[in-house]
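# Okay, predicted coordinates and the sequence, questions at the end:
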Amino acid sequence: MAADSKTEKGAGFFAKLKARLNRGTTWLASDLLGLLERPLDEDTIEELETRLLTADVGVDATAWLIAEMRREHRRAAERTAAETLSQTALGLLRTVEAPLAIAGHKPFVILVLGVNGTGKTTTAGKLAHRLKAAGRSVLLAAADTFRAAAVEQLQVWGARAGVPVIAQAPGADPAAVVHDALHGARARGIDVVIADTAGRLHTASGLMDELEKIKRVVKRFDASAPHETLLVLDASQGQNALAQARTFHERLGVTGLAITKLDGTAKGGILLAIARELRVPIRFVALGEGVDDLEEFRASEFVSALIGERAA
C-alpha cells in the first residue's frame, strides 16, 4: 500500500512538472512543437540540431543525439521526429536514473554541495522531510556558517521535517559542525546525517579546499563516508550548471545530482548534457518551494513531461 501511495505521489509530481513545462515557455512545447510532428528527414534533422544547440543541450550531447536519431530512424523510418527524439533522449537519461539508496551504513552521511542560489539548503530540508516520512531518523548539520540566516533557514526546515539540527555560532569552522553532528548522530543512533555546506563558486579554489577539509573530517569518522556527495544544480543556469558539475565532480567526486528550479526554466535540455558528459546519477528533481516538491528522477516521466504523450 505504501508503495502504491509513493507511486501515485510521484505520478502527481511529474504531472505537475509537465503542466508547468508546457505552459508555452518550454523549448519542446513551443519552439520544437511543429518541427517534431514532421517525418525525420534531413531537413528536419538539420533544423532540430540548430534548435537543440540553443536549448542548453550543448554541442557534445546534441551531436550524440542527432547521430543516435539517425541510427534509430534507419531502424524505424515510419516514426516522427518526436517519437525518435523521445526514444533517443529516454535511452540517454535512463543511464543516469538511479535512486539514492540509504543502506549499509549508520549513520549514512550525505554532503550537500552547490554554488550560491541553487536551492541547496532548501533541497537539504526537503530531503530530510522525505527521509523522515519514509521512516528514517535524520539529523541536519548546519555547515553553512557564513551566509546570513543560513542556520535559521535550515532550522526552519528541520522544524518542518521534525528532525534535529546541529549548529554552531556564525563563522564557526564548518568541519567542526559536521564533526559534532556525526558524533551526535552515532550517540543517538540516527540513521542519516545531512550536512548542508556553504554555497560557493566552483571557480573559488579556497572554498573548494574547505569542502575537501570537510570530507577529510568525515572520513576520519568513517572511512567509507561520505556515502553520498549530492550536488545541487539550478536548471535555469544552463551550460553554466554543467561547468559547475564538471568542476565539483573533478575536485570532490560527486555521486549524485539534484536538479532544482525546473519550473523556472524554458530549457530542460541541460539534463541531457549532464547525462551525456558526466554520467553522474540524477537522484532528484525539484519544483518550487513546497516541502513535497522533491521527487526521485524518473527518465520516462521526465521525457514525457518535456515532449508530451509521445514519450509515454
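Received, thanks.

# Residue 262 is in contact with residue 119, correct?
No - under the criterion of Cβ atoms under 8 Å, residue 119 is not in contact with residue 262, lying 10.8 Å apart. Where C-beta positions appear, they are placed from N, C-alpha and C, glycine not excepted.

# what's the overlap in contacts for the two?
In terms of Cβ atoms under 8 Å, 6 or more residues apart in numbering, residue 119 and residue 262 are both contacted by the residues residue 286.

# so how far is the helix or strand where residue 229 lies off the chain centroid?
Assigned by DSSP states H and E, residue 229 belongs to strand 228-234. How far strand 228-234 lies from its chain's middle: 6 Å, per Cα atoms, centre = their mean, to the nearest Å.

# And the average pLDDT for it is what?
Regarding strand 228-234, the rounded mean pLDDT is 96.

# Now residue 193: phi and psi?
For residue 193, the backbone dihedrals (degrees, to the nearest 10) come out as phi -110, psi 130.

# Please tell me I have it right and it contacts residue 137.
No - contact criterion Cβ under 8 Å: residue 193 and residue 137 do not qualify, at 10.1 Å.

# Identify the residues contacting the strand holding residue 229?
100, 108-114, 117-120, 123, 127, 215, 241, 244-245, 248-249, 252-261, 270, 274, 280, 283.

# Swap in 6 Å and give it another go.
Contacts of strand 228-234 with the rest of the structure, by Cβ atoms under 6 Å, 6 or more residues apart in numbering, involve 110-114, 118, 120, 123, 241, 248, 252, 254-261.

# and the protein, what are its domains?
When the chain is parsed with automatic domain parsing, its domains come out as 2-96, 108-296.

# Give me whichever of the ones you listed is most buried.
Ranked by mean neighbour count under mean count of other Cβ atoms under 10 Å, the domains of the chain are led by domain 108-296, which reaches a mean of 20.

# Now the terminal residues of that domain, how far apart.
For domain 108-296, the first-to-last residue distance is 18 Å (Cα to Cα, to the nearest Å).

# what residue ranges in this structure score low on pLDDT?
1-14, 18-34, 200-205, 263-268, 308-312 (pLDDT under 70).

# quick one, helices of it?
Assigned by DSSP state H, the helices in the chain fall at 2-21, 33-36, 42-53, 59-75, 81-93, 120-133, 150-161, 174-188, 205-221, 239-252, 270-277, 299-307.

# so which of these comes closest to residue 290?
helix 120-133 (8.4 Å; Cβ to Cβ).

# Can you tell me which helices and strands that closest one packs against?
Applying 3 or more Cβ pairs under 6 Å, 6 or more residues apart in numbering; DSSP states H and E, one finds that helix 120-133 makes contact with strand 138-143, helix 150-161, strand 192-197.

# Kindly reformat these as TSV containing distance to residue 90.
Output for the helices and strands packed on helix 120-133, formatted as TSV (distance: least, Cβ to Cβ, whole Å):
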stretch	distance to residue 90
strand 138-143	33
helix 150-161	33
strand 192-197	31
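
# Between these, which one is closest to residue 84.
Proximity to residue 84 (Cβ to Cβ) singles out strand 192-197 among the helices and strands packed on helix 120-133, at 40.6 Å.

# Just checking: what are the partner strands of the closest one?
The pairing partners recorded for strand 192-197 under DSSP bridges are strand 108-113 (parallel), strand 138-143 (parallel).

# Restricting to C-alpha, output it in CSV.
Backbone C-alpha positions of strand 192-197 (Å, rounded to 0.1, in the frame of the first residue of the first chain) are rendered in CSV as follows:
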residue,chain,number,x,y,z
VAL,A,192,21.1,9.6,8.3
VAL,A,193,23.2,12.8,8.6
ILE,A,194,22.6,15.5,6.0
ALA,A,195,25.3,18.2,6.0
ASP,A,196,24.3,21.5,4.3
THR,A,197,27.5,23.2,3.3
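
# contact partners of that strand?
Contacts of strand 192-197 (Cβ under 6 Å, 6+ apart): 107-113, 121, 124, 128, 131, 136, 138-141, 143-144, 154, 178, 181, 185.
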